[in-house]
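J.: here is my input, please return the structure:
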Amino acid sequence: MTFQERYEADRQQIEAALAAYFQPEDKPYAGLLLAMRYSLLAGGKRLRPVLVLETCRACGGEAETAMPAACAVEMLHTYSLIHDDLPSMDNDTLRRGRPTCHIAYGECTATLAGDALQAEAFSALLSGDLPTEVRAECARLLAEAAGTRGICGGQYLDTVGRGQLDCAAAYLHMYQMKTSALFRAACCMGAVCAGASAAQVEAAGAYADLLGLAFQIRDDVLDATATSQALGKDAGSDARCGKSTFLSLYGRQASADRIGELTAQAVAAAQRLPQPQFLAALAEELIARPA
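T.: Modelled structure (predicted):
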């Protein structure tokens, strides 16, 4: 099976697993569930849940056992996207090729959909069949990625803290929180689900940290250079919101150089795992992604 075939197989399994959640049926809060499903099932690369499954495999585990963790990561990621798109934050109108949740369902319902997806991520994780200690550690990792040291802290620096970042180290720290934190949770959760050693969990986290930084800088470049149609979301959002980025501070060439350096380091970190081939190939694929 080629890299692309395996990625697509993972993605299809993830889509099927996610589709089983939040069936509206005749519930009085069906509108909320529909808004949650609207954003959760909007497609996309499913990169973070793929990282859960493939890191589990890379550490010698059965990927299927990590599916609840993969779904939890995607629920948390989707919550962050819904809130990131809100008028009070980036005020975006397009996500994954269609209207953002607040455009489709209204700001109040979209806010609640994001809130509910964050809570349900932990429910999906803690209700699984994995050993209690594995579920507890995965929940800790996911909570750390979601909170002040992760997504929320990073988004604060990216919005309220605009204009306060003035060097590469400051931007990379913000990207570490905003993007790499959830990559780290995904990879470390996959490793934990596989029963990996402490050294393997550390290697998985190092890989994720580097991959997340490269991914975010690449995302900044694409936001400035690609079209909304190619991205499936509003292009030029950073400039429109007055955000400074690594790209705006250092330019295209320096950004490309840093992406290459981080990717090479991520590949090296993956080599410390028992079966690193897919994760190494994934890092190389992301550096070249057109959108």
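J.: pick out the residue nearest the middle of the protein.
T.: The chain has Arg48 as the residue nearest its centroid, 4.7 Å off, counting by C-alpha atoms, centre = their mean.
J.: tell me where the stretch 101-250 of the chain is predicted with low confidence.
T.: Along the stretch 101-250 of the chain, segments meeting pLDDT under 70 span 161-166, 226-244, 248.
J.: mind listing the helices for it?
T.: Assigned by DSSP state H, counting those that start in this stretch, the stretch 101-250 of the chain shows helices spanning 101-105, 107-126, 132-146, 151-159, 168-175, 181-193, 198-225, 228-231, 237-240, 246-270.
J.: adding mean neighbour count, write the ones you listed out as JSON lines.
T.: The way it works is simple: take the backbone N, C-alpha and C, and place the C-beta from them, glycine included. Listed next are the helices of the stretch 101-250 of the chain as JSON lines, based on neighbours: other C-beta atoms under 10 Å:
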{"stretch": "helix 101-105", "mean neighbour count": "21"}
{"stretch": "helix 107-126", "mean neighbour count": "19"}
{"stretch": "helix 132-146", "mean neighbour count": "19"}
{"stretch": "helix 151-159", "mean neighbour count": "19"}
{"stretch": "helix 168-175", "mean neighbour count": "18"}
{"stretch": "helix 181-193", "mean neighbour count": "29"}
{"stretch": "helix 198-225", "mean neighbour count": "22"}
{"stretch": "helix 228-231", "mean neighbour count": "14"}
{"stretch": "helix 237-240", "mean neighbour count": "16"}
{"stretch": "helix 246-270", "mean neighbour count": "18"}
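J.: wait, which of these is closest to Lys27?
T.: Lys27 lies closest, by C-beta to C-beta, to one member of the helices of the stretch 101-250 of the chain: helix 107-126, at 12.4 Å.
J.: which strands and helices lie in contact with the closest one?
T.: helix 30-40, helix 67-85, helix 101-105, helix 132-146 (3 or more C-beta pairs under 8 Å, 6 or more residues apart in numbering; DSSP states H and E).
J.: among those, which is nearest Ala58?
T.: For these, distance to Ala58 was read as C-beta to C-beta. The smallest value, 14.0 Å, belongs to helix 67-85.
J.: any idea of the angle the closest one forms with helix 132-146?
T.: 20 degrees (axes from the mean of the first three to the mean of the last three C-alpha atoms, to 10 degrees).
J.: pull up the pairing partners for the next helix or strand after helix 67-85, direction included.
T.: Once the chain leaves helix 67-85, the next helix or strand it forms, by DSSP states H and E, is strand 94-95. Take DSSP bridges as the rule and strand 94-95 pairs in its sheet with strand 98-99 (antiparallel).
J.: the residue nearest to Asp84 when sequence neighbours are not counted and Tyr156, how far apart?
T.: Among residues not flanking Asp84 along the chain, Asp90 sits closest, at 5.6 Å (C-beta to C-beta, 6 or more residues apart in numbering). To Tyr156, Asp90 is 13 Å away according to C-beta to C-beta, to the nearest Å.
J.: Three-state assignment for the residue nearest to the centre of the chain, please.
T.: With DSSP: H, G, I helix; E, B strand; the rest coil as the basis, Arg48 sits in helix.
J.: quick one on the thing from earlier: mind checking which of the helices and strands packed on helix 107-126 is nearest Gln4?
T.: Nearest to Gln4 among those is helix 67-85 (18.9 Å), distances taken as C-beta to C-beta.
J.: and the angle for the closest one with helix 107-126?
T.: Following the same axes, to 10 degrees, one obtains 160 degrees for the angle between helix 67-85 and helix 107-126.
J.: pull the CA atoms of helix 67-85 into PDB?
T.: Output of helix 67-85 as PDB, limited to C-alpha atoms (Å, rounded to 0.1, in the frame of the first residue of the first chain):
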ATOM      1  CA  MET A  67      -9.900   5.400  17.100                       C
ATOM      2  CA  PRO A  68     -11.800   6.900  20.100                       C
ATOM      3  CA  ALA A  69      -8.700   9.100  20.700                       C
ATOM      4  CA  ALA A  70      -8.500  10.000  17.000                       C
ATOM      5  CA  CYS A  71     -12.200  11.100  17.100                       C
ATOM      6  CA  ALA A  72     -11.600  13.000  20.300                       C
ATOM      7  CA  VAL A  73      -8.700  14.900  18.700                       C
ATOM      8  CA  GLU A  74     -10.800  15.800  15.700                       C
ATOM      9  CA  MET A  75     -13.700  17.000  17.800                       C
ATOM     10  CA  LEU A  76     -11.400  19.300  19.800                       C
ATOM     11  CA  HIS A  77      -9.800  20.600  16.600                       C
ATOM     12  CA  THR A  78     -13.300  21.300  15.100                       C
ATOM     13  CA  TYR A  79     -14.300  23.200  18.200                       C
ATOM     14  CA  SER A  80     -11.200  25.300  17.800                       C
ATOM     15  CA  LEU A  81     -12.000  26.100  14.200                       C
ATOM     16  CA  ILE A  82     -15.600  27.000  14.900                       C
ATOM     17  CA  HIS A  83     -14.500  29.500  17.600                       C
ATOM     18  CA  ASP A  84     -11.500  30.700  15.500                       C
ATOM     19  CA  ASP A  85     -14.000  31.700  12.700                       C
END
